[in-house]
Every structure is written in C-alpha cells, then in structure tokens.
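In: Just a sequence and a predicted model for now, questions to come.
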Amino acid sequence: MNKDIPPDFKVPGFVAAGISAGIKKNREKDLALIYSAVPSVAAGVFTTNRVKAAPVLLSMERIKAGRARAILINSGSANACTGKQGLTDGRRLSRLIASSLKTSPGNVLLASTGVIGKPLPMHLIEENLPCLLSSLTPDGLGDAARAIVTTDTFPKAVILRQQVNGREITLAGIAKGAGMISPQMATLLSFVVTDASISLKALRQSLKEGVQESFNRVIVDGDMSTNDTLLILANGEARNREIIFGTPGYKKFAFFLHELLFSLAQKIASDGEGATKLVAIAVEGARTASEAERVARAVATSPLVKTAFFGEDANWGRILCATGYSGAPIDPNKIDVYFDNVAIVRRGQGAGPATEEQATAVMKKKEYTVRINLNRGKKKTSFFTTDFSLDYVKINASYRS
C-alpha cells in the first residue's frame, strides 16, 4: 500500500497549506487550510456521538447551506467538551480566516483533532494565521495531509482522475485516523476536493452512499470519536456538464467517489494504532444486509478476536462466539468460516488440527480475509479491522502525556 503523498497532488481551483503553529509538543505540522478560489458546492457527514466537538457543531450548521470556500483544521487539540468557549473560539477563527480571504464566516468550515477537553491555544493559532495564509499554494494539499495527523504513522492521501460528462475531473482526498475508530457517519477527519461541476443533491447523495460502503466499514477499536468529520467541496472548475442525481454521469461520479473513499478507508485501517495486521471480515450468505452487517461489526470489534489476530492464533471459537451475540438470527449449525481459502469451520464445527495449522500460516501474513458464510441467503458485506497489539495499549495508556 502506497504511504507516500501522490505525485501531482493538486486539484484545479484549490490551494492549501499545512504549517507548524506549535500546538503539538513535537513541533510537527499541526495547522492546515484548504481554500477554493471560487464558490463551491459543499456537503459533509459528522459523528453520531451525542458528545460533539465545537467545530463539529459549527460545521454541521454551516453545511446546511450547501456552500463553502475554506476548511480550517488543527491537530493537537480536539476543542471538544470546551463549552461556550470552544464555540466562541471557533467563530473567532472563522471571522479571521473569512476576513483575510474576502468571504463570509459562514463559508468557513472547521475541524479539530487531538486531546478532548483541551481548549484551542488561540494565541498560537492567531499569531500563525498570516504564515498559514501566505503558504497557500496549489501544491499544498500534501502539507495539509501532514498537518492533520495525530498518532498516525503516515499521512493518508489519494488522488483520482476520470472522464465524467465530457471532461476530465479530479478528485483528491486526505484523511487522518489511527485510533478511536468505529465510525457511524464518516470517519475521523477526512477532506475531499474536486473540480467537478455537480448539483448539491448529487454531491450529498454520492457522499452518503460512498461513506456507507467505505469509512463505515472500518473498525480499529470500537470507540466513536467526538470529532469525526468528512467534508467535500466541488468548485466546478472542470467545466463538465453538471452532474445531476440519477443520471449516468452521477453513477460514474458516485463510483469514482466511492473508490477514493474506499482507498482512504483502507489506509486508515492499515494504520490502526499499534496494528500489525489488516484483516477483512467478509460476511456472506445472510438473509438481509442488516444481518450481514451485524455479524461483520461484532467480529471486527471483538477484543478477543482481535487479540487472537495479534497472537496469530486460529481461535475460530471466538469468531463463532461474536457471530452468535451479534444479534443476527443465525443458525450455528450452518456457519462456515474461512481464513483466506482455508476452511477452518464447516457447519459450525472445527475442521481439525491440520486445517488449523494451515489457517495459522495465513494469519502470519500482514493482510488476509476472514470469510464467514451464514448459509441463509444471498446478502453480504465486508468490514476492515486490525489486531489489538501491546503497542495499542501503550499508545493509549499515555496518550495525554
């Protein structure tokens, strides 16, 4: 999996920057800005956690208008559980950015990531805004990707180009996330920009569909963040015929966006905190999509399953156990389980020591698939998960220090 910033990582009509404002103790980049030279159609999805960070609340309100020009992101402080002060600080930063970019504060979207309960260091951010603004460049998306990371080991960035409605359009996305990942909306933080000309309805619907089959299928530790945000801006600079919901052009764009979101989701899963394995949990043979999702989510979230992945222990009983408590109306005597192509469980019973040895060999790989066939119907789904390692505990035991 490519962990580098892609070459020619830019989208016509957009500029971006990422700098160090001193928010992080290690002095790495921690403040980013993405800006469209022209008004953009905008859509977003956010955490369903009832405890929402100030930037989430502000962006949720502003995105209703379907228009935006800028996204200001900081890492190192979540600005969550900071009360009225968090909202006041977010509004002030919006005004400062809007004034410099000659737009309205309502056109500025916000996102933050870091320690919950830690107010924004406003003096550091404000004194570094001139540097951030002067650093805006068409080639700045890579720096922005670096500035939004926290415990990530590498920046996540994907760019795609495709012909849609008569013109080549560009779609670029950046994301951060390694821990506190069990999204039920979007993911962690992710920002997508495109030069496509697209209606607001088409943008919103394609984002909703794409998220459900990408970021909502990634689990690292089962914890849902207070700050999860995914924003997309489309500025129309490609000059293609406008993409309208329900048309062939829409279907092509929606597939294109899903491909980008899926690639970002894979990168996030592969970089789970302390992870040594990336495991696909593929459930098939369900009667309904909901049944398949319940089973996949239960297995992907189970600490016992995930520690077995780390220990390279083909403990298939833990998988059947999680399947059983998932809430799906399964028949235990019909379930088959495969590690890649090794059938370790047949009709709810183990296939024997020799097969377990073959499954253990599969588990030594960095990436593999656990396939669970319920043998009840034709519906299926897939989730990505990681193992639970000793390093995961070490990282999160001392996260604030």
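Out: The structure has been received and is ready for your questions.

In: and the longest helix for this protein?
Out: Longest helix in the chain, counting residues (DSSP state H): helix 248-270.

In: helices and strands around that helix, which ones?
Out: strand 156-164, strand 167-176, strand 189-194, helix 200-212, strand 218-219, strand 278-286, strand 379-386 (3 or more Cβ pairs under 8 Å, 6 or more residues apart in numbering; DSSP states H and E). Where C-beta positions appear, they are placed from N, C-alpha and C, glycine not excepted.

In: Just the angle for the second one relative to strand 156-164, thanks.
Out: Orientation of strand 167-176 against strand 156-164 (axes from the mean of the first three to the mean of the last three Cα atoms, to 10 degrees) gives an angle of 160 degrees.

In: mean pLDDT for the helices and strands packed on helix 248-270: which is lowest?
Out: Mean pLDDT is lowest for strand 218-219 among these, at a mean of 71.

In: my read is Thr226 is in a helix, agree?
Out: No. Thr226 sits outside any helix when classified using DSSP: H, G, I helix; E, B strand; the rest coil, being coil.

In: my guess is it meets Ala78, correct?
Out: Yes. Using Cβ atoms under 8 Å, Thr226 makes contact with Ala78 at a distance of 6.6 Å.

In: and for the two, which residues touch both?
Out: The contact sets of Thr226 and Ala78 overlap at 53, 116 (Cβ atoms under 8 Å, 6 or more residues apart in numbering).

In: Who has more neighbours out of the two?
Out: Set Thr226 next to Ala78 and count neighbours by other Cβ atoms under 10 Å: Ala78 wins out with 27 against 21.

In: ranges for the helices of the stretch 1-150 of the chain?
Out: 54-62, 83-101, 122-134, 141-147 (DSSP state H, counting those that start in this stretch).

In: Quick one: closest of these to Gly327.
Out: helix 54-62 (28.6 Å; Cβ to Cβ).

In: Could you point out which residue ranges in the stretch 251-400 of the chain have low pLDDT?
Out: In the predicted model, the stretch 251-400 of the chain carries pLDDT under 70 at residues 272-274, 390-400.

In: rerun that using 80 as the cut-off
Out: Within the stretch 251-400 of the chain, the ranges that satisfy pLDDT under 80 run 269-275, 388-400.

In: who are the neighbours in contact with the closest residue to Phe388 other than its chain neighbours?
Out: Spatially, and ignoring its direct neighbours in sequence, Phe388 is nearest to Lys306 (4.1 Å; Cβ to Cβ, 6 or more residues apart in numbering). Neighbouring residues of Lys306 by Cβ under 8 Å, 6+ apart: 385-388.

In: How about Ser302?
Out: Going by Cβ under 8 Å, 6+ apart, Ser302 touches 318, 321-322.

In: rerun that using 7 Å as the cut-off
Out: When contacts are counted by Cβ atoms under 7 Å, 6 or more residues apart in numbering, Ser302 touches 318, 322.

In: before we move on, what about the one 10 residues further on?
Out: If a contact means Cβ under 7 Å, 6+ apart, then Glu312 has 360, 363-364 as its contacts.

In: From the residues you listed, which land in helices?
Out: 360, 363.

In: possible to save the contacts of Glu312 as CSV with distance to Arg91 and neighbour count?
Out: Formatted as CSV, these follow (distance: Cβ to Cβ, whole Å; neighbours: other Cβ atoms under 10 Å):
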residue, distance to Arg91, neighbour count
Thr360, 56, 15
Met363, 51, 22
Lys364, 52, 9
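
In: Gln266: which of the contacts of Glu312 is nearest?
Out: Nearest to Gln266, judged by Cβ to Cβ, of the contacts of Glu312 is Met363 at 19.3 Å.

In: The closest one contacts Gly311, doesn't it?
Out: No. Contact criterion Cβ atoms under 7 Å: Met363 and Gly311 do not qualify, at 8.7 Å.

In: Quick check: the gap between the closest residue to Gly22 other than its chain neighbours and Ala314.
Out: Nearest residue to Gly22 in three dimensions, chain neighbours excluded: Leu124, at 4.9 Å (Cβ to Cβ, 6+ apart). Distance of Leu124 to Ala314, given as Cβ to Cβ, to the nearest Å: 50 Å.

In: With neighbour numbers in mind, choose between the two.
Out: Higher neighbour count among Leu124 and Ala314: Ala314, with 25 against 17, using other Cβ under 10 Å.

In: The chain - how does it break down into domains?
Out: Structural domains annotated on the chain: 14-270, 278-397, as defined by automatic domain parsing.

In: Quick check: which of these is buried the most?
Out: Most buried of the domains of the chain, by mean neighbour count (mean count of other Cβ atoms under 10 Å): domain 14-270, with a mean of 21.

In: Would you agree Ala314 falls within a strand?
Out: No. Under three-state DSSP, Ala314 sits outside any strand and is assigned coil.

In: Now do it against Gly352, distance only.
Out: Distance from Ala314 to Gly352, by Cβ to Cβ: 12 Å.

In: Ok, Ser36 next?
Out: 60 Å.

In: And for Ile125?
Out: 61 Å.

In: ok, now Leu124?
Out: If you go by Cβ to Cβ, the gap between Leu124 and Gly352 works out to 61 Å.

In: before we move on, what about Thr360?
Out: From Thr360 to Gly352 the distance is 13 Å (Cβ to Cβ).

In: would you turn the helices of the stretch 1-150 of the chain into TSV with mean pLDDT and distance to Thr247?
Out: Below are those laid out as TSV (pLDDT from 0 to 100; distance: least, Cβ to Cβ, whole Å):
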stretch	mean pLDDT	distance to Thr247
helix 54-62	97	28
helix 83-101	97	33
helix 122-134	97	38
helix 141-147	97	29
